[in-house]
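Undergrad: Structure, please.
(one chain, ligands or ions: 1)
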Amino acid sequence: MADHHWDTIEYQTIPIKENLYVMIAEGGNLAVSIGEDGTFLIDDQFAPLTGKIVDKIKKMGGDSPRFLINTHWHYDHTGGNENLGKAGTIIVAQDNVRKRLSVDSRLTAFNADIPASPKQALPVITFGTDTSFHLNGETIQAFHVHHAHTDGDTVVHFKNANVIHTGDVWFNGFYPFIDVEHGGSLAGVIAATTTIIDMSDENTVIIPGHGPVGNKAALMEYRNMLRNVLTRLRELKAEGKTADEVVVVKPTKELDAIWGGGFLKPDQWVNIIYSGLEMPDK
Ligand SMILES: [Zn+2]
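TA: The predicted structure follows:
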């Protein structure tokens, strides 16, 4: 990322509810709650953007974040951790996020080697299944969904505002990266989206990890697409096909016009999720 033009990046802020905003630039979508009890931030994209994030929050009436929650360990969601940790932000995440950030990792799909994070970048409060924040007139429940996009995903539910941030369980409008090397699975993403759908009504604002802010109907379309793909890939697995053979078959070809326009090309996506495919228990 040495040649990246970080200076030219501008944050787009989208008001969601009173004192609750989405911030979109590059990397995972941020959400921020601003209020008398302090600023609560979800994810922090990349280290060179921390100054811009904090400036924008201050322009909206907030402060340097009191709390940060990481929805998972990926570098486009945790890149600002070290800056914020040094500035005094309390970083919170599921147990496995701290474990992943503490060691060197490799993301083969992106040919990326990720060094272990320094101490200041690590979550200082971790939880297994869930935790709640009581801030700014809100109950913010953060809960773990198992083996979904990674092995450490958190979904964040602003209960009073009726707003949910899904982390990378949801890529709104396109095929999702699923980190099968680090505990993610297609079946787990489907289960996690179903959990979120079941918690939602037609007024729920659902913030995806990537893509535009959406709602229950859009999340259901995505979940149903993933279910179709899972069924098809399991049939191919039952026939004993290798990942290379499956890619040739183009098992998603009827879906690609709608869902294939993201950063993963259909062949690459099929290859990744098929490599991590688990068959249902007999
Ligand atoms: Zn991710």
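Undergrad: pLDDT below threshold where in this protein?
TA: Per-residue confidence for the chain (pLDDT under 70) gives these ranges: 1-3, 281-282.
Undergrad: Specify the residue positioned farthest from the middle of it.
TA: residue 239 (32.7 Å; Cα atoms, centre = their mean).
Undergrad: Count the neighbours of residue 39 for me.
TA: Neighbours of residue 39 under the rule other Cβ atoms under 10 Å: 24. C-beta here means a position set from N, CA and C on the backbone, and glycine is covered the same way.
Undergrad: residues contacting it?
TA: Taking Cβ atoms under 8 Å, 6 or more residues apart in numbering, we find residue 39 in contact with 32, 33, 57, 62, 63, 64, 65, 66, 67.
Undergrad: who touches residue 181 in this structure?
TA: Residue 181 makes contact with 106, 107, 108, 109, 276, according to Cβ under 8 Å, 6+ apart.
Undergrad: on that earlier part again, which one of the contacts of residue 39 sits closest to the ion?
TA: Closest approach to the ion among these (Cβ to the ion): residue 32, at 18.9 Å.
Undergrad: Look up phi and psi at that closest one.
TA: phi -140, psi 130 (degrees, to the nearest 10).
Undergrad: How many neighbouring residues does it have?
TA: Using other Cβ under 10 Å, residue 32 is surrounded by 23 other residues.
Undergrad: State whether it and residue 20 are indeed in contact, as I suppose.
TA: Yes - counting by Cβ atoms under 8 Å, residue 20 is a contact partner of residue 32 at 7.4 Å.
Undergrad: Residue 225: how many residues sit nearby?
TA: Residues within reach of residue 225, counting by other Cβ under 10 Å, total 16.
Undergrad: same question, residue 279
TA: With other Cβ under 10 Å as criterion, residue 279 counts 9.
Undergrad: list the contacts for it?
TA: Neighbours of residue 279 in contact, by Cβ under 8 Å, 6+ apart: 234, 237, 238.
Undergrad: Looking at those residues, which are in helices?
TA: The helices, defined by DSSP state H, take in 234, 237, 238 from these.
Undergrad: Nearest spatial neighbour of the first one, chain-adjacent residues omitted?
TA: Nearest in space to residue 234, with sequence neighbours left out and distances taken as Cβ to Cβ, 6 or more residues apart in numbering, is residue 279 at 6.2 Å.
Undergrad: repeat for residue 87
TA: Nearest residue to residue 87, sequence neighbours excluded (Cβ to Cβ, 6+ apart): residue 64, at 5.6 Å.
Undergrad: Check residue 23 too.
TA: Per Cβ to Cβ, 6+ apart, closest to residue 23 is residue 30, 4.1 Å.
Undergrad: so what's residue 238 up against?
TA: Neighbouring residues of residue 238 by Cβ under 8 Å, 6+ apart: residue 279.
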